[in-house]
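Enquirer: Give me a model of this one.
(chains A, B, C and D)
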2 protein chains.
Amino acid sequence: MRSLAQRLTVTATALCWHVRTKDDVLDLAMDQIFGDVPIPGATDDWPEDVRVLVRGWRSAMLRHPWAPGLVGRPMLGPNVLARTEFLQAALVRGGCRGRHLAAATRTLANYVIGASLTEATWRRSVDPDARAAARDHVAAHADAYPTLNASGHLDDDRWDDDLLFEDGLDGVLRSVARHPPS
Amino acid sequence: MRSLAQRLTVTATALCWHVRTKDDVLDLAMDQIFGDVPIPGATDDWPEDVRVLVRGWRSAMLRHPWAPGLVGRPMLGPNVLARTEFLQAALVRGGCRGRHLAAATRTLANYVIGASLTEATWRRSVDPDARAAARDHVAAHADAYPTLNASGHLDDDRWDDDLLFEDGLDGVLRSVARHPPS
DNA sequence: ACCTGAACACCGTTCAAGT
DNA sequence: ACCTGAACACCGTTCAAGT
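Expert: Have a look, this model is predicted:
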């Protein structure tokens, strides 16, 4: 609050007059981030529409390093709702209805939220020491972590983040498309 | 820190002597939560093994109301690693290797993290006023939100959370199983 | 090694007072 | 209506001092 007010060249007390509480500022910041998630035009290729939206969603989250600290709060702003509307409309175009539609919407949102949060956390706040310590722990107890060792799960440059995100997104979309409500 | 120290009937300064910083306490708390995510025995039915683990993961998150505030931090504790090892081992049993394995592991983790975070946030910190305000906003602009209105996306009692989580999990598992690395 | 008490620099928010 | 300055209660962390 104090430093934000300073950036606006006012006092913190002036800021408190415009917003009710700090949480309101964070909610507004969150919705502002969603504001620059591009909403593509609806095409005949609904899975591609979903892909474009979800890629933009993830990109916007990763663009703001402090975004992970905002995810534990309600997302009910108009910008969030507009993106959700587009996402769900694309799924309806894909034949989803009722319970399948609700599940598919949540699954896609969960996927992109989880991915953005994990990636942003990883590339920001994990210092090399802690990372190396975890890798040593896994390597030292090879009997307890045979799979993680074999797959190189903690070697962060093993696979490209963008690539894995795209793979997972394809999988999720496939599972949605394969289960139309008849 | 101060209130935690009080619960331990010591001063805050005493607590600061045992841990380096507050973040360390939060990291330990996070790993502690994962400690009571049950690790099932490995069976022949690997998708069911994944389901049991992931259900327990979500349950543990929802059991601790302050868990959402901890997700924006690295998860590298031994308890987290042990659950990740089990998850990835089950996927290997399902035939996943290499890049597919990495993508599948992340997809499942992203799904359960996103779902737990969203649900916990929703049922904890969203006051009825804000919820009603968002619902009114969507209803008032029916032209902008045709799909959300038709699907009742903001009516939280429209579908059961457990049901939708299970549906989405089935979908994700199906997409993993359908894409074995040949 | 382990704990205390006092202190430091900071935080979000409020309240009277100004214009 | 909009802003200020002072103050309040709090916070994580440190530092000298104790045992």
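
Enquirer: is any part of the helix or strand of chain A with the lowest mean pLDDT close to chain B?
Expert: In chain A, no helix or strand scores lower on mean pLDDT, DSSP states H and E than helix A:128-140, which sits at a mean of 88. Yes: counting by C-beta under 8 Å from any C-beta of the partner chain, contacts between helix A:128-140 and chain B involve A:A130, A:R131, A:A133, A:A134, A:H137, A:V138. C-beta coordinates here come from the backbone N, C-alpha and C atoms, glycine included.

Enquirer: Out of these, which is nearest to DNA strand D?
Expert: Taking C-beta to the nearest atom of the strand as the measure, DNA strand D sits nearest to A:A130 out of these, at 15.3 Å.

Enquirer: Relative to DNA strand C, how far out is the closest one?
Expert: Going from A:A130 to DNA strand C by C-beta to the nearest atom of the strand, to the nearest Å gives 22 Å.

Enquirer: circling back: output the least confident helix or strand of chain A as PDB - backbone C-alpha positions only.
Expert: The C-alpha coordinates for helix A:128-140 follow below in PDB (Å, rounded to 0.1, in the frame of the first residue of the first chain):
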ATOM      1  CA  PRO A 128      19.500 -22.700  -6.900                       C
ATOM      2  CA  ASP A 129      20.600 -23.900  -3.400                       C
ATOM      3  CA  ALA A 130      17.200 -25.400  -2.600                       C
ATOM      4  CA  ARG A 131      16.900 -26.900  -6.000                       C
ATOM      5  CA  ALA A 132      20.300 -28.500  -5.700                       C
ATOM      6  CA  ALA A 133      19.500 -29.700  -2.200                       C
ATOM      7  CA  ALA A 134      16.400 -31.500  -3.500                       C
ATOM      8  CA  ARG A 135      18.300 -33.000  -6.400                       C
ATOM      9  CA  ASP A 136      21.000 -34.300  -4.000                       C
ATOM     10  CA  HIS A 137      18.300 -35.700  -1.700                       C
ATOM     11  CA  VAL A 138      16.700 -37.600  -4.500                       C
ATOM     12  CA  ALA A 139      20.000 -38.800  -5.900                       C
ATOM     13  CA  ALA A 140      21.300 -39.900  -2.500                       C
END
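
Enquirer: helices or strands next to the helix or strand following it in the packing?
Expert: Scanning forward in sequence from helix A:128-140 by DSSP states H and E, the next helix or strand is helix A:146-151. Secondary-structure packing of helix A:146-151 (3 or more C-beta pairs under 8 Å, 6 or more residues apart in numbering or on different chains; DSSP states H and E): helix A:128-140, helix B:78-93, helix B:98-125.

Enquirer: Tell me the buried residues in the first one?
Expert: If I follow you right, that is helix A:128-140. A:A134, A:R135, A:H137, A:V138 (16 or more other C-beta atoms under 10 Å in any protein chain shown).

Enquirer: Check stretch A:54-65 too.
Expert: A:V54, A:R55, A:G56, A:W57, A:R58, A:A60, A:M61, A:L62, A:H64.

Enquirer: circling back to that earlier point, which member of the buried residues of helix A:128-140 is positioned nearest B:A144?
Expert: A:A134 (46.1 Å; C-beta to C-beta).

Enquirer: I figured that closest one hits B:M75, correct?
Expert: No: counting by C-beta atoms under 8 Å, A:A134 stays clear of B:M75, with 9.4 Å between them.

Enquirer: Measure how the one helix or strand A:G56 maps to sits relative to helix A:78-93, angle-wise.
Expert: Per DSSP H and E: A:G56 is located in helix A:46-63. For helix A:46-63 against helix A:78-93, the angle by axes from the mean of the first three to the mean of the last three C-alpha atoms, to 10 degrees is 160 degrees.

Enquirer: contact partners of helix A:46-63?
Expert: A:33-34, A:36-40, A:42-43, A:67-68, A:83, A:86-87, A:90-91, A:93-94, A:108, A:111-112, A:115-117, A:119-120, A:123, A:165, A:169, A:173, A:177 (C-beta atoms under 8 Å, 6 or more residues apart in numbering or on different chains).

Enquirer: what does stretch A:6-22 give?
Expert: Counting by C-beta under 8 Å, 6+ apart, A:M1, A:R2, A:L4, A:A5, A:V25, A:L28 sit against stretch A:6-22.

Enquirer: Tabulate those in CSV, adding columns for neighbour count, distance to B:E48 and pLDDT.
Expert: Formatted as CSV, these follow (neighbours: other C-beta atoms under 10 Å in any protein chain shown; distance: C-beta to C-beta, whole Å; pLDDT from 0 to 100):
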residue, neighbour count, distance to B:E48, pLDDT
A:M1, 13, 50, 93
A:R2, 9, 53, 95
A:L4, 14, 50, 95
A:A5, 16, 54, 96
A:V25, 16, 45, 95
A:L28, 11, 44, 93
